[in-house]
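In: Give the three-dimensional model of this entry:
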Amino acid sequence: MSPDQLWRFLPFGYLVSILIETPILLIGLSKRHSIKRRLFAGVWLTACTYPIIVLVMPLMFANASRTVYLIVAETFAPVAECILFWLVYGKSEEIGRRSMWQDFATIVVANLTSFLAGEVLNAYGWFGLLS
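Out: Numbering: from 1, shown residues only. Down below sits the predicted model:
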């Protein structure tokens, strides 16, 4: 995809991602987080990683296989989001506790789910929305 196509895709893909990931974060993040924080995480975490995955990495990996791009991008997103979430909401007394692992697992599941949904949409040509 050209940079113009990537920029046109960004808002649509971001919206789809937060529509998929936010309900998972609402349900899965540990109870120590308020509903407001969970909703915010659904929008904020994706806002931090999605532009890198959609605008930067495709250009960085333009000469690499799609598989390499997907491995890097889909590892980067959950790892970066877990780190960001922990830096903002982590507490030293939570290190290694069930709530910390629950939060990290939920972030990973949310990312995997939106990735799989994106793959399904991509297989169907994004239902013609970008052509």
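In: Tell me which residue of the chain is furthest from the middle?
Out: For the chain, the C-alpha farthest from the mean C-alpha position belongs to E93; by Cα atoms, centre = their mean, that distance is 26.5 Å.
In: Show the pLDDT at that residue.
Out: We have a pLDDT of 89 for E93.
In: Distance-wise, check it relative to K31.
Out: From E93 across to K31, the span is 15 Å (Cβ to Cβ, to the nearest Å). (Each C-beta comes from the backbone N, C-alpha and C, glycine too.)
In: try W101
Out: 14 Å.
In: quick one, which of those two is more surrounded?
Out: W101 (12 against 7; other Cβ atoms under 10 Å).
In: Which of the three states applies to the more buried one?
Out: The local conformation at W101, judged by DSSP: H, G, I helix; E, B strand; the rest coil, is helix.
In: Tell me where the model's unsure across this protein.
Out: Residue ranges of the chain with pLDDT under 70: 126-131.
In: mind listing the helices for the chain?
Out: For the chain, the helices defined by DSSP state H cover 3-28, 35-51, 57-60, 66-89, 98-123.
In: Run a quick neighbour tally on L84.
Out: There are 16 residues near L84, going by other Cβ under 10 Å.
In: Contact partners for the closest residue to it other than its chain neighbours?
Out: Sequence neighbours aside, C48 is the residue nearest to L84 in space, at 5.8 Å (criterion: Cβ to Cβ, 6 or more residues apart in numbering). Residues in contact with C48 (Cβ atoms under 8 Å, 6 or more residues apart in numbering) are 80-81, 84.
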